[in-house]
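J.: fold the following, please.
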Amino acid sequence: MERKYIIRNILLTVVSLLIIASCKRDSFLDTTNKANLDDGTMWISEKNADIFLNGCYAELYPTGADWPDTQLDNFSDDAHARVYFGSYAWKEGTIDISIRPGTSWRAQGPSNGNNSWQKTYQNVRNLNSFIENVRDNAQNFSAEYILKRIDEARFLRAYFYSELFMRVGGVVIDTAVQRRSSSTTEELQRPRNTFEETYNFIISELDEIVNNGYLNIKYGISDADAGRVTLGSALVLKGWLQLFAASPAYNSSSPAITSDPGNLQHFSAEDPGRWAAAAATNKKFIETWGHKGEGIYRLFPDMVNFWREENEYNPEVIWDRQFVPVTMPNEYGAYGGPCNIDGIINVDWGEYQPTQSIIDDYQMANGRSITDPASGYNPQNPYVGREKRFYDFICYDGAPYYREWMSKPDTVWMRIDKVNPRNNEIDLSGANDATQTGYWFTKQLSKYDPRNLVDCGQNYVFYRYAEVLLNYAEAQNEAVGPDASVYEAVNAIRTRPGTDLPELPAGLSKDEMRQAIHRERRIELAYEQKRLFDIWRWKEADARLNQPTMGMKVYNSKPNDNSGVWIYEKFPLAMGYLFSNKMYFCPIPQEVIDRNPKIVQNSGY
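T.: As a prediction, the model looks like this:
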């Protein structure tokens, strides 16, 4: 597998050298080579300026890309990746601040690669440059162009800052282009802004963008600007960040990091009103553009096919990242799902392996948890009678499996079977690419053959309307308790066609509703790169990650002839686990501090 990974990187490097930008349905990302433009020609027309901004959009990657090296779910208690991926080392407590992010899978964990400090400031500098040059050359652009494109750039800058903020806390806020030839040392070497200052800056930028109203509320699949930032994008990001920052890891009398004299990793004082502010923003989304307002955004009724190319920009999609076949393909499906399918060995990498922990949180079809004696759950027949989202997105022992590229439907067996050995048998020794937990997940996997990386143009969705409902429910429950609107938001997801769960039971306490919302977030947003941020902000990561990663092995009590019973046994994976308190945040890379001694390292590193 190490060799396969190296070959894959070489191939992708060759392909990337051939790609400057691409277009989806001949729109949005221009195909003109930016190398043919310079400062004298870049800003003489809207078309040329768009080429520069499109390059900034091209830096948007699915949270945690590259797949699956730094996929955020692999750093959480929901998923497992093998020993040669960065999440494996991080979960064992290995972090090396001296390694440059992006050059090693064992550097700064969830703040590696595209979400690193260094890459963030490359992106911020480019966006600052775009804003500055458009304003300086305003005579070459229409008034509408200037207003819309500058707010797009401001959003992208806020988004890149938000990704770093959630990983490291306070950052250095730059809104102007810094030049070594003309900027002073004081301008080039500034200290980090506090957690609160960083948060306030991002929120104020998003507020202004929404209040300006220059952007479209949403784009449709046939719109030329589909994929660009919208007012929906700005409001959903604001609502999420308010929820994130209101959470106990940063907004309590006992935050996740207590040794933080500069308030770089939490607010200086607890403010319960932050929950109410988060609830208000998400309520505004719901009642303005959501199902209780204009209905521009609403739940999509077919989540199995939600991510398909033919359903891009459906009413639930708030903001996504465009991909197109061949020139800018989505490679997500090449890494996950069953690795041996349709009689073919090593169809894909076999990563994206759910843990037993999340499997146990999928309820029964009757809406009861498997720990409820009245649920009907049978631990020796554990995959019968579960909720529909389990069957839609989890590949378990004996699961049916089909994608359009296959010649026929297949059944995936991970059990240990000496009589009828199969290629997908659980890998307990690290000898092959089969699952090590007894599961794969199939959410977001496309219809295309995963052996051909260039076929898939399926967009990656950053935010969707279900998350707005869950954000509102959580914030409102924390602010005032489980009122009718909290039930309504959660039940809208549970009862949507295709999910078909009963409504939550009436009369839940605030604590019981909190647990119900946390479970609903885990299942509904599973494998959408949300879980790590959730267990960080709830201050649950230390409890959840300081225990073995569990899987499920299935074997016969009489293995020589299978004449016994099939036994389902939960077991701990053969890997270490060590989550120390400092890991609620990522470190600042040492090279950043070496270049700017005013940068203070995060606590514990």
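J.: which stretches of this protein form strands?
T.: 79-80, 317-321, 353-354, 394-395, 399-401, 410-412, 440-441, 460-464, 550-556, 566-572 (DSSP state E).
J.: would you turn the ones you listed into TSV with mean pLDDT?
T.: Below are the strands of the chain laid out as TSV (pLDDT from 0 to 100):
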stretch	mean pLDDT
strand 79-80	96
strand 317-321	96
strand 353-354	96
strand 394-395	97
strand 399-401	97
strand 410-412	96
strand 440-441	94
strand 460-464	96
strand 550-556	98
strand 566-572	98
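J.: could you export those strands as JSON lines, including mean neighbour count?
T.: (Each C-beta comes from the backbone N, C-alpha and C, glycine too.) Output for these, formatted as JSON lines (neighbours: other CB atoms under 10 Å):
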{"stretch": "strand 79-80", "mean neighbour count": "28"}
{"stretch": "strand 317-321", "mean neighbour count": "23"}
{"stretch": "strand 353-354", "mean neighbour count": "26"}
{"stretch": "strand 394-395", "mean neighbour count": "24"}
{"stretch": "strand 399-401", "mean neighbour count": "16"}
{"stretch": "strand 410-412", "mean neighbour count": "18"}
{"stretch": "strand 440-441", "mean neighbour count": "26"}
{"stretch": "strand 460-464", "mean neighbour count": "22"}
{"stretch": "strand 550-556", "mean neighbour count": "20"}
{"stretch": "strand 566-572", "mean neighbour count": "14"}
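J.: any chance of JSON lines for these, columns distance to residue 88?
T.: Putting those into JSON lines (distance: least, CB to CB, whole Å) gives the following:
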{"stretch": "strand 79-80", "distance to residue 88": "8"}
{"stretch": "strand 317-321", "distance to residue 88": "26"}
{"stretch": "strand 353-354", "distance to residue 88": "12"}
{"stretch": "strand 394-395", "distance to residue 88": "21"}
{"stretch": "strand 399-401", "distance to residue 88": "25"}
{"stretch": "strand 410-412", "distance to residue 88": "24"}
{"stretch": "strand 440-441", "distance to residue 88": "17"}
{"stretch": "strand 460-464", "distance to residue 88": "24"}
{"stretch": "strand 550-556", "distance to residue 88": "14"}
{"stretch": "strand 566-572", "distance to residue 88": "15"}
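J.: these: which one's closest to residue 388?
T.: Among those, the nearest to residue 388 by CB to CB is strand 394-395 (10.9 Å).
J.: list the contacts for residue 299?
T.: 291, 315, 316, 465, 466, 469, 492, 493, 496 (CB atoms under 8 Å, 6 or more residues apart in numbering).
J.: so what's it closest to, chain neighbours aside?
T.: Residue nearest to residue 299 in three dimensions, not counting chain neighbours: residue 496, with 5.1 Å by CB to CB, 6 or more residues apart in numbering.
J.: so that neighbour sits against residue 301, correct?
T.: Yes - assessed by CB atoms under 8 Å, residue 496 is found in contact with residue 301 at 6.5 Å.
J.: more neighbours, those two?
T.: residue 496 (19 against 14; other CB atoms under 10 Å).
J.: sorry, back to before: and of the strands of the chain, who's closest to residue 228?
T.: The nearest among the strands of the chain, by CB to CB, is strand 317-321 at 9.7 Å.
J.: name the helices or strands packed onto the helix of greatest length in the chain?
T.: The helix that spans the most residues within the chain, counting by DSSP state H, is helix 143-168. Other helices and strands packing on helix 143-168, by 3 or more CB pairs under 8 Å, 6 or more residues apart in numbering; DSSP states H and E, are helix 46-57, helix 117-136, helix 195-212, helix 231-246.
J.: with mean pLDDT, distance to residue 383 and mean neighbour count added, can I get those in CSV?
T.: Formatted as CSV, those follow (pLDDT from 0 to 100; distance: least, CB to CB, whole Å; neighbours: other CB atoms under 10 Å):
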stretch, mean pLDDT, distance to residue 383, mean neighbour count
helix 46-57, 96, 42, 18
helix 117-136, 96, 41, 19
helix 195-212, 98, 43, 19
helix 231-246, 98, 33, 25
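J.: can I get those helices in a markdown table with distance to residue 259?
T.: Shown next, in a markdown table, are the helices and strands packed on helix 143-168 (distance: least, CB to CB, whole Å):
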| stretch | distance to residue 259 |
| --- | --- |
| helix 46-57 | 37 |
| helix 117-136 | 21 |
| helix 195-212 | 14 |
| helix 231-246 | 20 |
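J.: quick one: closest of these to residue 93.
T.: helix 117-136 (21.2 Å).
J.: circling back: which one (most neighbours) among the contacts of residue 299?
T.: In the contacts of residue 299, the most neighbours by other CB under 10 Å go to residue 465, 26 neighbours.
J.: which parts of the stretch 451-600 of the chain are helices?
T.: 465-480, 484-494, 510-524, 531-537, 541-545, 590-595 (DSSP state H, counting those that start in this stretch).
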